[in-house]
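Colleague: Give me coordinates for this.
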Amino acid sequence: MPNPPSLLDQLRTQYEAARQSQHQQSDVEGFQAIDARMRKSFRWLERAITYLDGLKPTIEHRYDLGHGLLFESPRFSRGSVGQHERRIVGFPVLDEINIYYEIGAARTLALEVAPGSVALAEKALDDAGLQYTSRRVEDHGGTVRKCAISVPPAIPASVLFNADYQTGLVSVALNNVDRLDRIRLEFHSNAIEEAALEDLVRLILGQDSAFLRRAPLAGLHPREPAVGP
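Modeller: Residues are numbered from 1 along each chain as shown. As a prediction, this is how the structure comes out:
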């Protein structure tokens, strides 16, 4: 049987774990610093989305649902920026920034699918949050031969920033931004700066994907222990 670890070895293990925990805590910014970054980011994004709302620029992304559903000539149509506050030890802090916008396309999408493919096509539309109408086409005997689906030329998209004041992490959830899909990234709070926000706007417009390389996908690395206020 192996010998049990000595008391000195046990103390060393506990000491190293405590030092690691202290190092992790030192990496977490104070709640006032995180709040200041979030508020500065909100003001910057509010101005940027106001400009995009007025310019309505072209978006260089390909929004393809499959089944022959491809949105042509997408443009930034309209958008808004909001925020949410909570309190930490009595002080109001900004813990969420939400950007909601609509991508306009050149024309309504029309598709005819076989009866066996209707559920799959409708699920893809529902998953993307798209509005649509679906009409079954029957023959003279009442048998459904095909389904006609019509999709308005509008794609709902969003970017949500959520700050965790205990871990110092800011998660950014992207919905229908560069594709018809949802992804979530995690940033250290000190990474939420103007250069990152500029990369986000470039991603929204399809000019560059550097924003996606700035942080790992959420859930792909171990979370730090909860610390802070």
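Colleague: who are the neighbours of the longest helix along the chain, in terms of helices and strands?
Modeller: Using DSSP state H, we find that the single longest helix of the chain is helix 31-55. Secondary-structure packing of helix 31-55 (3 or more C-beta pairs under 8 Å, 6 or more residues apart in numbering; DSSP states H and E): strand 75-88, strand 91-104, strand 154-164, helix 194-205. From N, CA and C alone the C-beta is placed, and that goes for glycine too.
Colleague: got the ones you listed as a markdown table, with mean pLDDT columns?
Modeller: Converted to a markdown table, those look like this (pLDDT from 0 to 100):
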| stretch | mean pLDDT |
| --- | --- |
| strand 75-88 | 96 |
| strand 91-104 | 96 |
| strand 154-164 | 97 |
| helix 194-205 | 97 |
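Colleague: Flag every buried residue along the longest helix of the chain.
Modeller: Neighbour counts over helix 31-55 (16 or more other C-beta atoms under 10 Å) mark 31, 34-35, 37-38, 41-42, 44-45, 48-49, 52 as buried.
Colleague: What angle do helix 194-205 and that helix make with each other?
Modeller: 40 degrees (axes from the mean of the first three to the mean of the last three C-alpha atoms, to 10 degrees).
Colleague: Just the residues contacting helix 31-55, thanks.
Modeller: With C-beta atoms under 8 Å, 6 or more residues apart in numbering as the test, helix 31-55 has contacts from 29, 76, 78-81, 83, 88-89, 91, 93-95, 97, 99, 101, 161, 163, 165, 168, 170, 189-190, 192-194, 197, 201, 204-205, 228-229.
Colleague: Any quick ChimeraX command for the buried ones out of those residues?
Modeller: Filtering the contacts of helix 31-55 down to the buried ones (16+ other C-beta under 10 Å) takes a single ChimeraX command:
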select :29,76,79,81,83,88,93,94,95,97,99,101,161,163,165,168,170,189,192,197,201,204,205
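Colleague: Next, the angle from the longest helix of the chain to strand 75-88.
Modeller: Using the same axes, to 10 degrees: helix 31-55 against strand 75-88 is 160 degrees.
Colleague: per-residue confidence averaged over helix 31-55?
Modeller: Per-residue pLDDT values across helix 31-55 average out to 96.
Colleague: mind giving me the domain ranges of the chain?
Modeller: Following automatic domain parsing, the chain resolves into domains at 14-63+75-104+156-229, 108-152.
Colleague: okay, how far is it across the last one, tip to tip?
Modeller: Across its full length, domain 108-152 reaches 5 Å end to end, with C-alpha to C-alpha, to the nearest Å as the criterion.
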